[in-house]
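Predicted model and sequence follow; I will ask about them next.
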Amino acid sequence: MSHLKSQELEVTVWRDGKEYQQKYSRGNPVTTLMCYELSAESKDQKGTRIRFWPDKEGFPRLLKTHIIFMVAILCFITQFSMFVYNMG
């Protein structure tokens, strides 16, 4: 339930020639589900991107470390090509 303790969470999904995106803050949607047509050269793009900004008040440092470790394992298992974490 990481979205419940996140300052902000952004989900983007690419499939069927479209990009879907929605943003949340502290567990509540702040945008509706957006859908965009991909350009002809990007039509075959597939995947999911989850961007997560932890709530600085609700997340102890140890929990952040656990989340980073779990996401890194998920990236390895699913052969996800990129994982970026900014401690700022």
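Here it is on my side, so go on.

Kindly list the longest strand within the protein.
Secondary structure of the chain read by DSSP state E shows that its longest strand is strand 6-15.

What strands flank it, and is each parallel or antiparallel?
Sheet pairing of strand 6-15 (DSSP bridges) gives strand 18-25 (antiparallel), strand 47-54 (antiparallel).

Give me the buried positions along the first one.
Right, the one you point to is strand 18-25. Applying a neighbour-count criterion of 16 or more other CB atoms under 10 Å, the buried positions in strand 18-25 are 19, 21-22, 24-25. Any C-beta I mention is one placed from the backbone N, CA and C, and that applies to glycine too.

ok so, going back, mind listing what's buried in the longest strand of the chain?
Of the residues in strand 6-15, those with enough neighbours to count as buried (16+ other CB under 10 Å) are 6, 9-14.

okay if I get the buried residues of strand 18-25 as TSV plus pLDDT?
Formatted as TSV, the entries for the buried residues of strand 18-25 read as follows, by pLDDT from 0 to 100:
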residue	pLDDT
E19	93
Q21	92
Q22	92
Y24	88
S25	86
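
from the residues you listed, which single one is nearest T31?
For T31, the nearest member of the buried residues of strand 18-25 is Q22. The distance, counting by CB to CB, is 5.7 Å.

Now the closest one: closest residue in space, sequence neighbours ignored.
Excluding the flanking residues, the one nearest Q22 by CB to CB, 6 or more residues apart in numbering is L33, at 4.9 Å.

closest to I67 out of the strands paired with strand 6-15?
strand 47-54 (7.6 Å).
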